[in-house]
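Asker: structure for the following, please:
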Amino acid sequence: MQETGREPQKDNDLFFTCSLIDYIARKTTNKRADVVNALGKKRLEKIYDLADVYHCDNIDRVSDDFIAESGIKKGSFDNVGDCQYTIPTYWEIGKVYKRLIKKVAENEKISVIDALMQVYNSFISPKIDDYNSSVYYENPSYIFESYREKKIL
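Answerer: Numbers count the residues shown, from 1 in each chain. Presented below is the predicted three-dimensional model:
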């Protein structure tokens, strides 16, 4: 596995993929699971495989392309507007999801994209995306154990 920094390249690719999902969700005011499901497995694999290329481009343009290609419509989920505190960036949330997805893939011995789809469609995703709660900045091990137990511990 190629390492060009402090972590393997594919970890960076997963980080970008998760950050792009969050960016698209914020831009279209959709739940993250709805964005993941609209993108579908093939597009998610494409984003993940070509993340090093996409991240060199303007994220706004990249997101517009995937929104149009996937037919993602405007939603009504505005967790950013509903936030009463400091809003985490899409990069910060991307990092939270990257860590969780990586652990799920390793633990369940499934592909990163299968783990991604599983995590975003689980009970934990709305908890992470509630910026008025503390879940998104909890310890990664705590988030993973909560995910495994299917409840906040």
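Asker: quick check: residue 150 touching residue 127?
Answerer: No. Counting by CB atoms under 8 Å, residue 150 sits too far from residue 127 to count as a contact (11.3 Å). Where C-beta positions appear, they are placed from N, C-alpha and C, glycine not excepted.
Asker: who has more neighbours out of these two?
Answerer: residue 127 (18 against 9; other CB atoms under 10 Å).
Asker: the closest residue to that one other than its chain neighbours: what's it in contact with?
Answerer: Excluding the flanking residues, the one nearest residue 127 by CB to CB, 6 or more residues apart in numbering is residue 135, at 4.5 Å. Applying CB atoms under 8 Å, 6 or more residues apart in numbering to residue 135 gives the contacts 124, 127, 128, 143, 146, 152.
Asker: give me the distance between residue 135 and residue 69.
Answerer: Relative to residue 69, residue 135 is positioned 31 Å away (CB to CB, to the nearest Å).
Asker: can you check residue 57 too?
Answerer: 15 Å.
Asker: what are the buried residues along the least confident helix or strand in the chain by mean pLDDT?
Answerer: When the helices and strands of the chain are scored by mean pLDDT, DSSP states H and E, helix 51-54 comes last with a mean of 94. Buried residues in helix 51-54, counted by 16 or more other CB atoms under 10 Å: 51, 54.
Asker: before we move on, what about stretch 121-128?
Answerer: In stretch 121-128, counting by 16+ other CB under 10 Å, buried: 122, 124, 125, 127, 128.
Asker: find the helix or strand that the residue nearest to the spatial centre of the chain is a member of.
Answerer: Central residue of the chain (CA atoms, centre = their mean): residue 18, 3.0 Å from the mean position. Assigned by DSSP states H and E, residue 18 belongs to helix 9-28.
Asker: need the next SSE after that helix, C-terminal direction.
Answerer: Next along from helix 9-28, by DSSP H and E: helix 32-49.
Asker: contacting residues around that next one?
Answerer: Contacts for helix 32-49 (CB under 8 Å, 6+ apart): 13-14, 16-17, 20-22, 24-25, 28, 30, 54, 66, 69-72, 75, 77, 112-113, 116-117, 120-121, 125, 129.
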